[in-house]
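**Student:** heads up, no residue letters with this:
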């Protein structure tokens with residue numbers, strides 16, 4: 001799947017808008033397959049378990065396929081998929097799961113990639129991303145309004161990734177305490 005995505009990315013970069021019709025036909029299948037792969041076993045362990053490579057692929061695709069803010073994207077529907085599915089499912093719900101263990105070094109690397117993805121989404125999508133994340137994602141996990149506002153401020157201020165990662169980790173740990181370990185949205 002990774003090789004296929006790289007090929008699609010190269011074709012889009014080379015042929016640009018002439019790939020539009022083809023991508024409109026195949027993108028829903030690609031996106032649903034990737035989403036199924038990621039959600040079926042979001043955090044595998046053992047050899048070959050490079051889940052942060054998965055997140056890095058999405059970050060690269062966001063950078064390559066999406067224009068800043070509301071400009072025309074190379075892949076129609078990709079921005080909406082990233083904002084509505086990837087941002088909430090991968091960057092929020094998955095890290096709230098009990099299996100996401102901050103004491104594990106590999107998990108911390110993955111978390112760093114997830115935080116970087118949020119920063120890239122904010123830089124590329126601006127209000128489109130943040131409005132959806134603050135109005136749909138965080139309320140779905142019962143995030144207190146003050147914490148949501150702090151998250152927005154940290155993201156907006158352009159803190160270095162280490163500071164943002166530290167804040168996001170404390171936010172996730174706080175949300176886990178509010179939920180007493182049960183995720184009502186799953």
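**Tutor:** Received the coordinates, thanks. What you are looking at is a predicted structure, and each value in this text was computed from that prediction instead of being measured.
**Student:** and residue 103, which of the three is it?
**Tutor:** At residue 103 the chain is in coil, as set by DSSP: H, G, I helix; E, B strand; the rest coil.
**Student:** can you report how many residues lie near it?
**Tutor:** 6 (other Cβ atoms under 10 Å). Glycine gets a C-beta too; all of them are placed from N, C-alpha and C.
**Student:** low-confidence ranges, this structure, go.
**Tutor:** For the chain, the stretches flagged by pLDDT under 70 are 35-52, 69-71, 159, 180-186.
**Student:** for residue 147, which non-adjacent residue is spatially closest?
**Tutor:** residue 171 (5.9 Å; Cβ to Cβ, 6 or more residues apart in numbering).
**Student:** just checking, that neighbour touches residue 151?
**Tutor:** Yes. The pair residue 171 and residue 151 qualifies as a contact (Cβ atoms under 8 Å) at a distance of 6.0 Å.
**Student:** could I get the phi/psi values of the residue nearest to residue 147?
**Tutor:** Backbone torsions of residue 171, given as degrees, to the nearest 10, read phi -60, psi -50.
**Student:** what's the distance between it and residue 28?
**Tutor:** 32 Å (Cβ to Cβ, to the nearest Å).
**Student:** and those two? Which one has more around it.
**Tutor:** residue 171 (19 against 12).
**Student:** show me what contacts that one?
**Tutor:** 143, 147, 150-151 (Cβ atoms under 8 Å, 6 or more residues apart in numbering).
**Student:** same question, residue 132
**Tutor:** 83-84, 87-88.
**Student:** host element of residue 162?
**Tutor:** helix 161-179 (DSSP states H and E).
**Student:** now residue 24
**Tutor:** Element membership for residue 24, per DSSP H and E: helix 20-40.
**Student:** give the buried residues for that helix.
**Tutor:** 23, 27, 30-31, 34, 38 (16 or more other Cβ atoms under 10 Å).
**Student:** and what of stretch 130-150?
**Tutor:** 130, 132-134, 137-138, 141, 143, 147-148.
**Student:** CSV please, covering those residues and showing distance to residue 12 and secondary structure.
**Tutor:** Output for the buried residues of stretch 130-150, formatted as CSV (distance: Cβ to Cβ, whole Å; DSSP: H, G, I helix; E, B strand; the rest coil):
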residue, distance to residue 12, secondary structure
130, 26, helix
132, 24, helix
133, 26, helix
134, 30, helix
137, 28, helix
138, 32, helix
141, 34, coil
143, 35, coil
147, 38, helix
148, 34, helix
